[in-house]
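# Need a 3D model of the sequence below.
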Amino acid sequence: MSYKTILTVLTEEKLGDLTLEHGYALAEAQGAHLDVLCIGVDRTPGGYFRNGSNTMMVQQALSQAAETAEELATHARAWLHDASIAWAVETGSAPLPDVARNVAGRARFADLVVLPKPYGKDHGIELVPVIEGALFEGLTPVMVVPDDTTPMVAPERVVLAWNGSAECLRAVRASLPVLAAAKTVHVVLVDPPGGPAAMTTDGLLARYLARHAIKVEIDVLAKRGRRVSDILLEHGREVGAEMIVMGAYGHSRFREAILGGATRNMLEQAEVPVLMAH
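Residues are numbered from 1 along each chain as shown. Now for the predicted structure:
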């Protein structure tokens, strides 16, 4: 099993090289096709145009977004000019409220989406709806890569967060190409219901992974009032994990996906790539 179509989304040039580097490295390792979606975002507040502005101003903002998309595409094509993989660059433009919908429409036809962290200095506000669009509307797994990290295509140690939920199970299946290449996968359970003796489903998970020739260690950790994301990050550092796999949680509010607490905290603090599925 391997990824055959990997998508990355560019919304600003300063983060473009980061996602291109990670997407390219993974596509090369997996023998996959790399698709690059360059979106020009109209960040004008929605109410601005409704309060007396004219059609010309609206058109000017949309034209600027389209121009930005073309500039991003020119940069991406130049970056990939001598690439040894199959690739394609597409453009699009959208007002900020429509970014998630645009990304979702493209992400649905990819095996994995590679994106930068949505939080950090000089990170645009559109990065959150980009991730939400891929995860919650596109229902496509996403690998989020922190700033200043080298591409990680075959991590030797992976932390897999497990609580028996559907989100976790989807993350497991979505990450099989990565897990199969690892030397050890640490399945982490935080205060499992009934204690370690009641981990029936976790035994099934270990057997499922073993049949994919994945070496598993089950680590049961106590919460002790701490946030789950903090526990996972700390344990990842202790075992030398180079990637974290987890389910992505959120809820719908006015048709917008809102990242849940554990998911948001992880994306804010992660120091290694995080592969998520919803």
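
# from here on, contacts and neighbour counts on C-alpha atoms
Fine.

# what pLDDT does residue 260 get?
pLDDT for residue 260: 68.

# give me the number of residues near the closest residue to residue 31 other than its chain neighbours?
Using Cα to Cα, 6 or more residues apart in numbering and skipping residues adjacent in sequence, the residue nearest residue 31 is residue 4, 6.8 Å away. Number of residues near residue 4 (other Cα atoms under 10 Å) recorded here: 14.

# next one: residue 1
Neighbours around residue 1, by other Cα under 10 Å: 9.

# distance of the nearest residue to it once chain neighbours are set aside from residue 187?
Of all residues beyond its chain neighbours, the one nearest residue 1 is residue 177 (6.0 Å), with distances taken as Cα to Cα, 6+ apart. According to Cα to Cα, to the nearest Å, residue 177 stands 16 Å off from residue 187.

# And residue 217, by the same measure?
6 Å.

# ok, now which ones touch the residue nearest to residue 1?
Listed by Cα atoms under 8 Å, 6 or more residues apart in numbering, the contact partners of residue 177 are 1, 2, 3.

# Is residue 225 in a helix, a strand, or coil?
In three-state terms, and counting by DSSP: H, G, I helix; E, B strand; the rest coil, residue 225 is coil.

# picking that back up, and the residue nearest to residue 31, what is it in contact with?
Here residue 4 is in contact with 27, 30, 31, 32, 33, 110, 111 (Cα under 8 Å, 6+ apart).

# Any figure for the gap between the first one and residue 108?
From residue 27 across to residue 108, the span is 17 Å (Cα to Cα).

# can you give me the helices in the stretch 151-278 of the chain?
Ranges of helices in the stretch 151-278 of the chain, per DSSP state H, counting those that start in this stretch, are 166-174, 176-181, 200-210, 228-239, 261-269.

# For residue 19, find the nearest of those.
helix 261-269 (15.4 Å; Cα to Cα).

# Enumerate the positions of that closest one that are buried.
By neighbour count on 16 or more other Cα atoms under 10 Å, the buried set for helix 261-269 is 262, 263, 264, 266, 267.

# Just the pLDDT for residue 147.
Note on residue 147: pLDDT of 92.

# you'd agree it is up against residue 117?
Yes: judged on Cα atoms under 8 Å, residue 147 makes contact with residue 117 at a distance of 7.3 Å.

# Neighbour count for the two, which is higher?
Neighbour tally, residue 147 and residue 117, criterion other Cα under 10 Å: the higher count belongs to residue 117, 24 against 16.

# what's stretch 97-112 in contact with?
By Cα under 8 Å, 6+ apart, the residues outside stretch 97-112 that reach it are 3-7, 9, 41, 94, 113, 126, 129-135, 137-143.

# Next step: those restricted to strands.
With strands taken from DSSP state E, the overlap with the contacts of stretch 97-112 comprises 5, 6, 7, 9, 41, 94, 113, 142, 143.

# will you turn the residues you listed into a markdown table that also has pLDDT, neighbour count and distance to residue 22?
Listed next are the ones in strands among the contacts of stretch 97-112 as a markdown table, based on pLDDT from 0 to 100; neighbours: other Cα atoms under 10 Å; distance: Cα to Cα, whole Å:
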| residue | pLDDT | neighbour count | distance to residue 22 |
| --- | --- | --- | --- |
| 5 | 98 | 20 | 14 |
| 6 | 98 | 24 | 10 |
| 7 | 98 | 30 | 11 |
| 9 | 98 | 29 | 12 |
| 41 | 95 | 25 | 23 |
| 94 | 93 | 19 | 25 |
| 113 | 98 | 28 | 11 |
| 142 | 97 | 29 | 12 |
| 143 | 97 | 25 | 9 |
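
# any idea how far the closest residue to residue 228 other than its chain neighbours lies from residue 59?
Distances taken as Cα to Cα, 6+ apart put residue 262 closest to residue 228, at 6.6 Å, once the chain neighbours are dropped. Remark: distance between residue 262 and residue 59 (Cα to Cα) = 40 Å.
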